[in-house]
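Colleague: just need the structure, nothing else, for what follows:
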Amino acid sequence: MKTVLMIAPYFIPRRRVGALRPFKFAIHLRSHGYQPVILTISSPGDRYTELENKLLEEIPVIEIQPPFDRTTNPKRDSDSEQKATPLLDWLDKQTPIDSWIYLFLLRYFKIRKKVKEIDPDLIWATGDPWSGLWLGEKLARSLSKPFVADFRDPWTLAEVNLRDRSPFSMKLDRDVEFKILLNAERVVFTSGLTEKRYVNEFNLSTDKTKTIYNSYDSRLIKEYENETWGENLNPDFLNIMFFGRFRRLSPVTPIADALRMLKRVRPEDASYIHIHSFGKPDAENSQIIRKYGLENNFICHEPVVPEKMLPVLKSADILLLSTNMKREQVIPAKLWDYLAVQIPIFSITANPEIGDIIMRSKAGIQVHPEEKKEIAELLHSFARAKQNGETFLLSAEKEIPDRNMYDAKHTSGELASLFDELLKNE
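Modeller: Now for the predicted structure:
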């Protein structure tokens, strides 16, 4: 069995979206002939679930201990938009790549020594955090190993950036990104539109790039299939669920604008609609909800860990998919969670690739965020259908032949095939 070093700055048990992609790959790669070894940043406050412990029994995880970790402070906003101190804020703005680069620079020689002992057949690294890609490229070059760079999102080509950047750090980011793209044997993206834009912007060969989607993992969620969610949604209302938190990357505006429009012309139907989300909306989105007078429509719940999402998602009438309209190249990770259940999806996003996936999966409907009137009309039709006990216009089909291609076992097989091809050519 060949060995692949997987550099994932965020990995389970850290409870962040970025930890799930490498985890889902890792737990399936052994069945495709690859022994993963994980290199990640320790997250002392988090614990594995019983299932995670079982799935990782045969997978070594090397943890790098940070002196401190601002990303796990419960008092901080999960978008890292709060400012700790003017000094740290200024330092973050000037820091190229991301602030984890200091940890990797400090521990680089120890990391290199450990990786040399492991002697992997190839190195795979994911970002963001983008310092993971920087470390992967540097190690692969130093140890003469094939390198696969995995871009979970666009980096310097991103339309929405949560970090304030100085001209100095922006230029260095661009230089480092170009170096990674140049030296990687393969570059993987999570969206076809992102891949296309990078090919065009950096003049990459299409033989070098590939899109491997994120995925759901039926093995993870079925473990909790028979559990019940602690909160019961009122069946007398239309319950639309957004399995996330309204924030800058996924603003409330598209659904709130349409609901306000419906409220003006059909207030009784608007009052029948409940929008459920998880985690308190950030200040800007909370203000929009209050300004529109929609406090009774939006209901906020405590966050739920992804592996326990199945009974939560199944309690909804409709699943809402939404992201910042500027992120038109991005496919929100929660789409793959939604595809694991038979609840219809209402996608209010700008990326046509999402619409193609939903249509191919017979999972729901997509509307562009700018089509406010159409969104309002659809909300009205959904509310009336629920009131009358009728089928929603976007109800998911029961026979879904294509959805297995979005399961983690399949996407891990795609990654293993890429590894096979790469090593065969070495």
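Colleague: show me the domain layout of this structure.
Modeller: 2-215+407-424, 225-403 (automatic domain parsing).
Colleague: model confidence over the shortest one, on average?
Modeller: Translated: domain 225-403. Model confidence over domain 225-403, given as mean pLDDT, is 89.
Colleague: can you tell me the closest non-neighbouring residue to R260?
Modeller: Y292 (4.5 Å; C-beta to C-beta, 6 or more residues apart in numbering). C-beta: built from backbone N, CA, C; applies to glycine.
Colleague: related to what we said a few turns ago, can you list the domains of the chain in a markdown table and add mean neighbour count?
Modeller: Shown next, in a markdown table, are the domains of the chain (neighbours: other C-beta atoms under 10 Å):
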| stretch | mean neighbour count |
| --- | --- |
| domain 2-215+407-424 | 18 |
| domain 225-403 | 18 |
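Colleague: tell me the contacts of the residue nearest to R260?
Modeller: By C-beta atoms under 8 Å, 6 or more residues apart in numbering, the contact list for Y292 reads 256, 259-260, 263.
Colleague: now do the phi/psi pair for K2.
Modeller: The phi and psi values for K2, taken as degrees, to the nearest 10, are phi -80, psi 160.
Colleague: how far away is it from R21?
Modeller: Using C-beta to C-beta, to the nearest Å, one gets 21 Å for the distance from K2 to R21.
Colleague: now swap in A125 and tell me
Modeller: Distance from A125 to R21, by C-beta to C-beta: 12 Å.
Colleague: tell me which residue is most central in this protein.
Modeller: A333 (3.7 Å; C-alpha atoms, centre = their mean).
Colleague: for that one, give its distance to R16.
Modeller: Using C-beta to C-beta, A333 is found at 11 Å from R16.
Colleague: where do the contact lists of A125 and R21 overlap?
Modeller: 8, 150.
Colleague: the top strand by length along the chain - contacts with which helices or strands?
Modeller: The single longest strand within the chain, with elements called by DSSP state E, is strand 34-41. If you count contacts as 3 or more C-beta pairs under 8 Å, 6 or more residues apart in numbering; DSSP states H and E, strand 34-41 packs onto strand 2-7, helix 20-29, strand 61-64, helix 101-118.
Colleague: these into JSON lines, with extra columns for distance to A340 and mean pLDDT?
Modeller: Formatted as JSON lines, these follow (distance: least, C-beta to C-beta, whole Å; pLDDT from 0 to 100):
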{"stretch": "strand 2-7", "distance to A340": "24", "mean pLDDT": "98"}
{"stretch": "helix 20-29", "distance to A340": "12", "mean pLDDT": "96"}
{"stretch": "strand 61-64", "distance to A340": "25", "mean pLDDT": "96"}
{"stretch": "helix 101-118", "distance to A340": "34", "mean pLDDT": "95"}
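Colleague: for N404, find the nearest of those.
Modeller: Closest approach to N404 among those is made by helix 20-29 (13.3 Å; C-beta to C-beta).
Colleague: so what does the closest one touch, helix or strand wise?
Modeller: Against helix 20-29 (3+ C-beta pairs under 8 Å, 6+ apart) you get strand 2-7, strand 34-41, helix 408-424.
Colleague: now render the helices and strands packed on strand 34-41 as TSV, adding distance to P352.
Modeller: What follows is the helices and strands packed on strand 34-41, written out as TSV (distance: least, C-beta to C-beta, whole Å):
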stretch	distance to P352
strand 2-7	31
helix 20-29	23
strand 61-64	38
helix 101-118	35
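Colleague: of those, which is nearest A385?
Modeller: Nearest to A385, of all the helices and strands packed on strand 34-41, is helix 20-29, at 33.4 Å by C-beta to C-beta.
Colleague: next, the angle strand 2-7 makes with that closest one.
Modeller: Per axes from the mean of the first three to the mean of the last three C-alpha atoms, to 10 degrees, the angle that helix 20-29 makes with strand 2-7 is 170 degrees.
Colleague: gap between M309 and D269?
Modeller: Relative to D269, and taking C-beta to C-beta, M309 is found at 29 Å.
Colleague: now swap in C300 and tell me
Modeller: C300 is 22 Å from D269, by C-beta to C-beta.
Colleague: and if you look at K116?
Modeller: 65 Å.
Colleague: rewinding a little: hmm, who's touching whichever helix or strand comes after the longest strand of the chain?
Modeller: Sequence-wise, the next helix or strand downstream of strand 34-41 (DSSP states H and E) is helix 50-55. Applying C-beta under 8 Å, 6+ apart, the contact partners of helix 50-55 are 12-13, 23, 27, 219-220, 223, 307.
Colleague: dump the longest strand of the chain to PDB, restricted to CA.
Modeller: Output of strand 34-41 as PDB, limited to C-alpha atoms (Å, rounded to 0.1, in the frame of the first residue of the first chain):
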ATOM      1  CA  TYR A  34      -3.400   4.500  -0.100                       C
ATOM      2  CA  GLN A  35      -2.400   4.800   3.500                       C
ATOM      3  CA  PRO A  36      -3.000   8.300   4.600                       C
ATOM      4  CA  VAL A  37      -0.800  10.000   7.200                       C
ATOM      5  CA  ILE A  38      -2.400  13.300   8.500                       C
ATOM      6  CA  LEU A  39      -0.300  16.400   9.400                       C
ATOM      7  CA  THR A  40      -2.500  18.900  11.200                       C
ATOM      8  CA  ILE A  41      -2.600  21.700  13.800                       C
END
